[in-house]
Structures are given as C-alpha cells and as structure tokens.
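J.: Attaching a predicted model along with its sequence, questions to come.
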Amino acid sequence: MMAATAKLRGDGWLGPLLIAPVVVVLGAVIGYPLFTALALSLFEVDTPTLRASFAGIGNYAELLGPGGRFWPALGVTLVWTAATLALQVVLGVAMALLLNRDLWLRSLARSLVLFPYFVSTVVAVLVWRWLFNDLFGLANQGLMALGVIEAPIDWLGTMPNALLSVIVVGAWKFFPFVVIAVLARLQTIPESLYDAARLDGAGAWGRFRDVTLPQIGEVLGIVVLLRAIWDFKEFDLIYLLTGGGPVDATRTLPLTVYQEAFGLNRMGMAAAYAVAMMIVMLGFFVAYRLAVRGRS
Amino acid sequence: MASIAFEGLTKRFGTTDVVRGIDLAVPSGAFLSLLGPSGCGKSTLLRMLAGLEDPSEGRILFDGEVVNDVPPGRRDIAMVFQSYALYPHMTVAQNIAYPLRKRGVKRAERDAAVARVAAMLQLDALLARRPRELSGGQQQRVALGRALVRDPRIFLLDEPLSNLDATLRSLMRSELVALHRRIGRTMVYVTHDQLEAMTMSTHVAVIDGGVLQQFGSPADVYRRPANRMVAGFIGTPAMAFLDGVVAAGRLLVAGEVVAATGAADGAVTVGVRAEDVTIGDGGIAARVSHVEAVGHETLVTLEGGFGRVTARAAADCALVPGDAAAWAARAERLHLFDDRSGVRLDAPCSPVRGPTPRDEQHDG
C-alpha cells in the first residue's frame, strides 16, 4: 500500500505530461482564436492597418441597436436555415423511401443521389448560376418554352426570388446527407413490423406513420440538429450564389461577418457579429446535447 | 371460427417453386401444424394464408369462400410472428390495442379489451412498459395478446416458441393448447419442431420441398408415415432405415428373417423405431457403437452388416461401446417403404412362427 502510494506519487508528473500536448494544441487552435475574437470584439479595428482603439461594448451596442444589422441578418439566417432544412428533410426522406424499395437500377440510383453532396460547392454554384442566368439560363428557357412565363425571371437579383433560389440550391446540395442517414436506418427496420401492421389493418399511410416514422425519428432528430447547425453557418454557397444581395436580402450572419471584416474593414465589428452568432449557435449546441442525452 | 382449405396452392419465386400444388382442408376449430425442415415452404404457405404473399396458382378458402384477393387486414386473421414484431415505440397496452385502433374501435371499448386480454395472459403489471423492457417470454405473450384482442376467426403462429428457452417453451406449449381449447378458434401453427407439432395439433401437415408429404392426425403421421421423409422426420431418435429383401412372404434383413409380410418380392427399405427394438440374446448380431444415457432410459446405437439401428433400453442398461449384442424388432411395428420411391408399402408385417424363435418380441 505504502509502496503503491509512493510509486503513484513518484509518477505524479506523468499524467499532466501526457495530456499536455492535447492541452497545448487545443489551446492554440481553439482557446487562442476564441479569446482573440472576444478581445477583438471590444475594439474598433481597421482591417488593413490593424490599428485598434478600445470600444468596450460599443460594437455590440451598435450591432444590436436600431442601425445594426444583427437582427435582420439573424432573421435571414433563420428563414434560410428553416426553409432549406425543411426542404432537405422532406426531399431526403422521400428519396430514402424510394431508394429503399426494390427499384430498377437501385444501386446506380443510390450512388447518383449522393452526387450533389460530393460535388464542390464552387462547381455546383457555377452550374446553378448558369441555370439561373436571365439571358441564356435553362430555367428561364425551359419555363418560357413551356409557356409558364412570358419574360425571363431575374432569379438571383430580386426578392423574394433570390432567397428562394438560395434555399432551393441549398436543399439540392445537402439533401443527400439526409438520404444517407435515413436510408441506413430504413434498411434495419424488420420487414415483419410491416407485415404485422398490414395484418393489424394499417394502410400505406398507417404503416408509414406507425412503423417507419417512429423508427427513423431518432436518426432524423440527430440529422436535423446537425444540418441546422451546418446550415446556420453556411457561407460559401450563399456567398457564391448571391453574395448576400440584392442589397442585404440574402445576407446571413456568416456573410455579414465576412462583409464587416473584409468589405467594410471593421475587424472589431466583425468579431462582435461572430461572437453574437456563436452565442446563438451555443443554443443549438445545448439543444443537441440535451437531445443526445435524452436518447441514451 | 373458420374452416380452411387450400386448393392446388402453388407459389413460385422466379423459376423456383417454393410451394407446389398443395391441397388440404381442416375443419373449423382445428389446430393445424405445418411441419417441415427449414426452407420447406411452410412459412410461405402461412404467409399466403395471411395474405402477405399472393399465390401463383390455386385458391385459399375460409369457410368455403375464396379469399385470394382479400387484403391481409380484411381477412379477419391474426398472426404471431417468430420475432414477435412488436412495435418498439409503443407500450404493451398500445401494442395490444393497435389492431383495434386501426379498426376504429372506441377508446373505452379498446381499454376494456386490452384489460381483458392482459388479465388472460398475466400482462397486467407490464402494460406501461415498452417491448425492449420485456423478457422473451413476456414479449411472446404480448404478441399473443395483440393477436387475441380482436378475436379473429383464424390465428396464425409462425414458429412462435423458437426464441424461447426449453423450460419456457414447454410451458408455452401447454398454455397455447389450453388457449386453443378455451377460445376454440382455428389455429395454424408453423414449426420445424416435430415435438411441438405432435403435442399440440389436431392436424399435422408434413411438408418438404414445397410438397405436402402427409396430412393427418399426429398419431397417423407417427404410426403410419406416408413415406421415408415423414418417417425420418417424425420421432426422436429418428427412425432407422435398413435394406431389406422380401422373398416368398418373408422379410429378410442382413440375411436374417425378421418378419412375415404380404409385400411383393424384391428389395425394400425397412424402417425401425427405437422403441420397437429389443436387445437380447437372439436376433441380428451387432456391435454397440454408441450409448447415450438420457436419464429415464438409455439410447443404444447398434451397428453391423445390416446398417445401424438405435434401441431404447432401460436406464440401468450396462452396455458400453464395443460390446457385442443381438437385437430384434417387433415385427408388427416394422415399416416397409419402396426402396426407390420411398413410398410406404401397405403390407402388414407379422411375427414369424417356426424355425426362428422370436419370444422376446412380445415382451415390450
């Protein structure tokens, strides 16, 4: 006993030494930037020169105040997140149900459906901008040929078209994630549950509601939370498609941060937006943790 | 309650016939076992009965009415699945009430029905639990409860006891029989366990390779197996099959006359059940190859030029492997099968009077 204690005491330095590298790395890549951002947000900083003057909570007062753009940007972000997420889920679940059936060329279809998720955002957005082009875009050409519209529509330059376009492209880009997760779960549902439901008198809708939905509910909850977080901080897709325009109509919080930092050269204000955004994200995070804990 | 009839029922998956031209009929209130080895088509037969599979050919009749085109939910049948197929997110009470809910039964009526079934199956204390919080036996009873609650005219049970341990299985066996007696509904029971089929059923249909091999009472199937397949499948230990020859009204095995028979001259297959074999001084010479003391009896396997037979001997049997022994079988209990087709030959065997003494035959 004595010997063991002594031995432990002798090796006392070993534990801290072993976790030190992790502490250092985490401190460098998470702690330092976080602290810097918090500090920056209290200053007025000119991006090119990095000349700073202390502003206290001035930045926060401005962004939350009447002239500030936090609340409008948060509104756009929430609309974008909610709408594109809803589309992703509906599209993803529908596609997963389809791909779970004995379909002709099913394996090929299963690979193809992942395509939007794997293709680079830049490439995808360029293609969509071609499709949306008001002079030679296929979207306008097709609709005009079908007689649905008489004149080309400005898909990305006017509201509400721009926001709708962003939401649709976002749904197209990210719905395969929902498909993968839901399809994997669907394949584990025992066939006998459907047989039992049929014998119990459940129709197609009844079987979906009473067997499928409860079974995929769990994975759907996780998928929705993850995608909500990712959609909330989505930058490249929106930036490349509309750049936040027209005016600020599609300018979500990440785009506002970027614009403050590099468009308006107000690094301190950008940091303040980022911190405010982080606090909102923290809400998502807490919801996610609670949901995960609730399940287990 | 309903009678069931199959007429030329066939199921084809692609080019494979899983079920081939099955004809059989059971009266209302019967307990029919579909018995056969795995993959014999018995589950497919049950699924067609349930309406979960469409027959490729033939008709299914309930009470003389063709139900081929009636969807599963309207056939007024309930099924207990091998895996129980309980809805995992619903409580026991919700699981049992589900078929009623789907039929638009009022809440109060539903609750009363659930309470009645729960009392019958001793599930009262478990009603608020979810399936994953139950043991296998309890899940089994919930599955049974879900079938019982709407009082269907036919119950289908797909190997419902196969996931239970031996003790619970024999308990559930007698509970199911008691249940059948109490509610008097027609039950169709799929199993590969001949003991279940023999002990529970009023009717047994032995199926192999998608073909109905024999249909009759358990006693029929045991005492007068229609062919080698049925004979070998029913009974533990399995019936021994020996090469025999019939010559001038005498049945010979390994050159020894074992019985008088009316069968035509030629080669036959002789089936011998363990309980009909006596080990004694006279008879066919053999060597003991294997001894299994089961407790209340000892199973002795004998080998020799005739092949191999198993005998049920007394618990205190002192034979050990390697011992020399002679055996004889009760002549009137021998089964003769055509040596090529395996079909039962309906020629009675009887003890031979005369040169070969067979006194011990009448002992057992």
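T.: Nice, I can see it.
J.: Let me see the contact set for the closest residue to residue A:275 other than its chain neighbours.
T.: Among residues not flanking residue A:275 along the chain, residue A:41 sits closest, at 4.9 Å (C-beta to C-beta, 6 or more residues apart in numbering or on different chains). Quick note: C-beta positions are derived from backbone N, CA and C, even for glycine. Residues in contact with residue A:41 (C-beta atoms under 8 Å, 6 or more residues apart in numbering or on different chains) are A:59-60, A:268, A:271-272, A:274-275.
J.: buried ones in the longest helix belonging to chain B?
T.: When chain B is scanned for its longest helix (criterion: DSSP state H), the result is helix B:166-183. Buried residues in helix B:166-183, counting neighbours by 16 or more other C-beta atoms under 10 Å in any protein chain shown, are found at B:168-169, B:172-173, B:176, B:179-180.
J.: Stretch B:30-40 now?
T.: B:30-36, B:40.
J.: ok, and what's touching it?
T.: Stretch B:30-40 has contacts (C-beta under 8 Å, 6+ apart) with B:3-4, B:26, B:42, B:45-46, B:177, B:180, B:186-192, B:194, B:196-197, B:200-210, B:213, B:233-234.
J.: Report the entries of these that also contact chain A.
T.: Checking the contacts of stretch B:30-40 against chain A by C-beta under 8 Å from any C-beta of the partner chain, not one of them is in range.
J.: so where do the strands sit in the stretch 251-364 of chain B?
T.: B:256-261, B:266-272, B:277-280, B:284-293, B:297-304, B:307-314, B:324-329, B:335-338, B:349-350 (DSSP state E, counting those that start in this stretch).
J.: Paired strands for the longest one, with orientation please.
T.: Going back to what we said before, that points to strand B:284-293. Here strand B:284-293 is paired, per DSSP bridges, with strand B:297-304 (antiparallel), strand B:324-329 (antiparallel).
J.: same thing with the third one?
T.: Strands adjacent to strand B:277-280 in the sheet, as given by DSSP bridges, are strand B:324-329 (antiparallel).
J.: cool, the second one as well?
T.: In the sheet containing strand B:266-272, the strands it pairs with under DSSP bridges are strand B:240-247 (antiparallel), strand B:335-338 (antiparallel).
J.: possible to save the ones you listed as a markdown table with mean pLDDT and mean neighbour count?
T.: Converted to a markdown table, those look like this (pLDDT from 0 to 100; neighbours: other C-beta atoms under 10 Å in any protein chain shown):
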| stretch | mean pLDDT | mean neighbour count |
| --- | --- | --- |
| strand B:240-247 | 91 | 19 |
| strand B:335-338 | 92 | 20 |
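J.: ok now do residue B:197, which residues does it touch?
T.: B:33, B:35, B:189, B:191, B:204, B:218.
J.: of those, closest to residue B:164?
T.: Nearest to residue B:164, judged by C-beta to C-beta, of those is residue B:191 at 12.5 Å.
J.: Contact partners for that closest one?
T.: Residue B:191 sits next to B:33-35, B:159, B:161-162, B:197 when contact means C-beta under 8 Å, 6+ apart.
J.: at 7 Å instead, please
T.: Taking C-beta atoms under 7 Å, 6 or more residues apart in numbering or on different chains, we find residue B:191 in contact with B:33, B:35, B:159, B:197.
J.: if I look at the third one, how far off is residue B:208?
T.: Right, the one you point to is residue B:159. 17 Å (C-beta to C-beta, to the nearest Å).
J.: pLDDT-wise, what's the bottom of the buried residues of helix B:166-183?
T.: Of all those, residue B:168 carries the smallest pLDDT score, 80.
J.: my read: residue B:168 touches residue B:137, true?
T.: Yes - when contacts are counted by C-beta atoms under 7 Å, residue B:168 is listed as touching residue B:137 (4.8 Å).
J.: What residues does chain A have near chain B?
T.: A:190, A:192-193, A:195-196, A:198-202, A:206, A:210-211, A:214 (C-beta under 7 Å from any C-beta of the partner chain).
J.: Tell me the residues of chain B that contact chain A?
T.: Residues of chain B lying near chain A (C-beta under 7 Å from any C-beta): B:50, B:52, B:72-73, B:77-79, B:81, B:83, B:85, B:87, B:89, B:98-99, B:102-103.
J.: Which pair of the residues you listed spans the longest distance?
T.: Farthest pair in those, by C-beta to C-beta: B:77 and B:89, 24.7 Å.
J.: neighbour count winner among the two?
T.: Taking neighbours as other C-beta atoms under 10 Å in any protein chain shown, residue B:77 and residue B:89 compare with residue B:77 leading, 26 against 17.
J.: Please look at residue A:249 and residue A:161 and confirm they touch.
T.: No - with contact defined as C-beta under 7 Å, residue A:249 does not count as touching residue A:161 (9.7 Å).
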